[in-house]
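Colleague: Here you go, sequence then predicted model.
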Amino acid sequence: MIQKDLFATGTVLYRGVDRYPSHGRVDLAAPRAHLALAGAPVISDHDGLITWSPDATETVTTAVVGDLVEVVNGGTSAVLATAMLPIAPGGSVTWDASAAVEDDAQLITYLSTNQVKDFVRAHVDPVMPTLEDSITANVNLAQDCNAFYDGKAVNFFHASANCENTGRVSDVVYHEFGHALHTHEIIDGVGAFDGAMSEGAADFLAVNVTGDHGLGRGFFYTNVPLRDLDPDATEATWPRDIGEIHTTGKIFGGTFWDLRKAALLAFGDDAGEALTLKLYVGALRRSIDIPESLVEVLATDDDDGDLSNGTPHECMIRDAYATHGMHTTTGVISGPGVIDFHARATQVLVNLTGRSPRCNSEELASVLVTWGDGPNMDPVHGFVGATQTSRDQFYAQLPLPTDGPMTYGATIKFAQGSSITLPDNLADPAYQVYQGHTIPLYCTDFESGDPLAAGWSTTAGKDQTSPWAWAIPSGGATDPPAAFSGSHALMQAPGGDYAPSSFSAVTMPVVDVGRYSDVRLQYRRWLAVEDSHFDQAQITANGAEVWVNATMNTGDSSSLQHVDKEWRFQDVALSGHFSGTQLQVGWALTTDGGLQLGGWALDDVCVVANPESICGDGVRSATEACDEGAANADKPDACRSDCSVPKCGDGIVDTGEDCDGGAAGTATCSTTCKAIVIDAGGCAASGSAGGGGLVLLVGAAVLRRRRGRR
């Protein structure tokens with residue numbers, strides 16, 4: 001039988017952009033698009049080629065849906081952009097939607113998503129999970145000047161007077177797909193999603209596609225970049241430029257751009273790009289945040305399973321990271337926590353670890369020990385240069401205050417200009433030392449047996465099991481490798497991470513503090529917890545919070561993780577946070593459903609008192625609001641028996657108060673100590689007769705998307 005059918009072929013092109021509309025137009029193949037030819041479905045190949053029979057001119061119907069991306073129009077019309085165009089055998093046809101902005105955005109988003117997937121397939125990771133699946137792209141959404149990836153779809157906003165339609169800026173499309181790349185490359189249980197790192201990673205993917213370190217040109221209708229990973233002025237460095245999530249991300253993106261420049265210079269374009277992107281994928285897969293990515297990049301570069309002898313491109317990698325303030329060098333300062341006598345100074349030792357002997361970027365310029373007030377040494381009172389005793393050990397004489405707590409740390413300056421600080425914990429960047437005589441009211445080193453069977457108690461959320469346990473620490477990602485003293489510690493989830501969406505607490509036995517009015521908690525801590533915007537690690541006194549881990553205070557972009565890398569001495573003032581003579585100290589953790597870390601580990605716990613601060617001795621100490629000796633009494637307008645001054649909410653009616661129902665108030669007494677009058681109709685009004693009407697406070701429900709990925 002002779003085949004008589006004749007087949008025709010033609011190419012479908014879409015008119016796209018050279019990055020953004022005013023920069024120029026280019027005609028590109030419509031890859032793997034779900035088209036219609038004479039009303040029948042047909043799919044173009046990667047080069048926009050379609051085949052049909054018989055060999056005659058037909059009408060092709062274009063589309064913004066294909067094998068790899070499905071565009072959804074969220075604009076004024078929900079109708080998808082399309083056109084019907086004649087195509088002749090052996091010819092080509094070009095769809096130009098540039099006359100209608102919202103149609104144009106759909107077409108450009110379709111092309112740009114295919115372009116970035118092509119780049120990832122060819123240069124980054126050809127087996128990236130979901131790469132060959134269709135991703136949804138929501139276009140023309142009713143907001144402006146932004147775009148985001150929500151974990152499943154990429155989303156782009158319509159144009160405004162200030163900003164271009166973000167679906168029409170190819171760099172923005174590349175960037176948003178970069179978040180998908182990061183998300184899908186993470187090795188579960190090894191790496192973790194960090195919002196700031198993801199912004200930098202997405203920026204770096206986009207600039208690799210374009211070959212231009214200026215990202216997002218055209219975003220503001222000009223050629224000025226939205227972000228520049230290789231600025232003429234100052235490079236973004238850690239931790240100086242930590243801030244808004246995209247700003248922090250420039251530290252990671254800029255580091256990899258500098259690494260890319262060095263690799264291209266050393267090995268040529270193709271080999272240099274291949275090396276850089278190999279290291280980039282390693283960072284995405286295994287890193288938990290920006291500074292920790294340095295170790296993961298070195299591990300990716302390693303060729304013999306031994307980082308201690310270096311890696312093939314170690315100094316190139318270290319130099320790029322050092323330019324942006326990051327080193328593997330870290331350390332601890334060994335010094336006393338409590339000095340129970342008056343001394344003018346104490347010696348501290350600075351012990352560095354992780355410093356490579358092979359790279360110039362690891363050479364030191366100086367080691368300075370600084371001291372000051374407050375948790376951040378603010379203000380700094382002074383510094384002294386440390387004396388070197390060996391390659392990585394230094395000592396200094398630390399001046400001490402006359403009495404009470406003081407904070408201190410160290411600045412390690414490198415010869416190439418960058419520096420790091422100790423302690424290595426941005427959420428708690430100062431060591432503490434307490435000088436002054438104290439007497440112990442309760443102390444334990446957890447070596448005499450399980451404290452949970454000897455007066456300590458635990459609680460957990462509804463239908464949850466307490467993770468607290470008496471254990472021998474054995475290390476792990478964020479757990480201590482050993483107890484501070486002896487062999488045992490009291491730990492939360494020893495050997496693992498705390499549970500998501502949970503609450504647990506541990507409390508020590510009740511301690512009688514008598515008349516002491518300067519009572520303090522002094523203990524050793526190894527804590528690993530997410531920014532307190534998400535997870536709250538608390539110390540409580542009789543249920544009242546006396547300490548909580550820090551937050552960056554930038555909403556869902558907050559990423560100030562508190563991760564101790566050593567046993568830290570912590571002195572916590574308890575007086576003023578509780579009343580009476582009975583005290584119970586607790587440690588609690590409330591978590592959300594996101595990132596989980598190691599939680600609390602406690603050792604050498606003491607509740608102590610300053611014997612020179614006694615309520616009722618007639619001498620007002622620094623921790624007493626008043627002290628009138630025998631005249632102290634729990635009666636109106638008097639210095640209270642706990643040396644506090646009269647205040648609303650203490651349960652005693654003083655001058656100027658209608659009533660005092662305690663901190664919570666009562667049905668007839670408000671929390672502002674004003675009488676609540678109930679009228680005949682059952683309505684309540686605060687204040688005297690004839691007072692104002694009822695005020696209703698309505699709380700708005702806020703829906704929080706876990707970790708914005710804009």
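Modeller: Arrived safely, thanks for sending.
Colleague: Are we agreed that Ile317 is in a helix?
Modeller: Yes: Ile317 forms part of a helix when assessed by DSSP: H, G, I helix; E, B strand; the rest coil.
Colleague: thought it was touching Thr300?
Modeller: No: counting by CB atoms under 8 Å, Ile317 stays clear of Thr300, with 9.3 Å between them. Heads up, the C-betas are built off the backbone N, CA and C, glycines and all.
Colleague: Look at these two and report which has more neighbours.
Modeller: Ile317 (23 against 18; other CB atoms under 10 Å).
Colleague: Need the pLDDT of the more buried one.
Modeller: pLDDT, Ile317: 98.
Colleague: ditto for Thr554
Modeller: pLDDT for Thr554: 86.
Colleague: hang on, it packs against His246?
Modeller: No: with contact defined as CB under 8 Å, Thr554 does not count as touching His246 (11.1 Å).
Colleague: what's the spacing between the residue nearest to the spatial centre of the chain and Thr255?
Modeller: Closest to where the C-alpha atoms of the chain average out (CA atoms, centre = their mean) is Ser559, at 1.8 Å. Ser559 is 17 Å from Thr255, where distance means CB to CB, to the nearest Å.
Colleague: Glu185 now?
Modeller: Using CB to CB, we find Glu185 at a distance of 18 Å from Thr255.
Colleague: of these two, who's got more company?
Modeller: Shown here are Glu185 and Thr255; by other CB under 10 Å, Thr255 has more neighbours (30 against 20).
Colleague: and whichever strand or helix holds Lys261, what does it pack onto?
Modeller: Secondary structure from DSSP states H and E places Lys261 in helix 245-267. In terms of contacts (3 or more CB pairs under 8 Å, 6 or more residues apart in numbering; DSSP states H and E), helix 245-267 is packed against helix 195-210, strand 227-228, helix 269-286, helix 314-323.
Colleague: in that helix, what's buried?
Modeller: Of all the residues in helix 245-267, those buried under the rule 16 or more other CB atoms under 10 Å are 245-246, 248-260, 262-264, 267.
Colleague: tell me the angle it makes with helix 269-286.
Modeller: 140 degrees (axes from the mean of the first three to the mean of the last three CA atoms, to 10 degrees).
Colleague: for helix 245-267, the distance to its chain's centre please.
Modeller: Relative to the centre of its chain, helix 245-267 is centred 20 Å away, using CA atoms, centre = their mean, to the nearest Å.
Colleague: just stretch 302-314 next, same as before
Modeller: Relative to its parent chain, stretch 302-314 has a centroid offset of 29 Å by CA atoms, centre = their mean.
Colleague: now swap in stretch 310-320 and tell me
Modeller: How far stretch 310-320 lies from its chain's middle: 27 Å, per CA atoms, centre = their mean.
Colleague: Quick one: mean pLDDT for the stretch of helix or strand Ile420 belongs to?
Modeller: Secondary-structure element containing Ile420, defined by DSSP H and E: strand 419-422. What strand 419-422 shows for mean pLDDT is 94.
Colleague: that older thread, name the residues contacting each of Ile317 and Thr300.
Modeller: Leu279 (CB atoms under 8 Å, 6 or more residues apart in numbering).
Colleague: so what's the nearest residue to Leu364 once chain neighbours are set aside up against?
Modeller: In space, and not counting its chain neighbours, Leu364 is closest to Phe414: 6.1 Å by CB to CB, 6 or more residues apart in numbering. By CB under 8 Å, 6+ apart, the residues touching Phe414 are 322, 327, 361-365.
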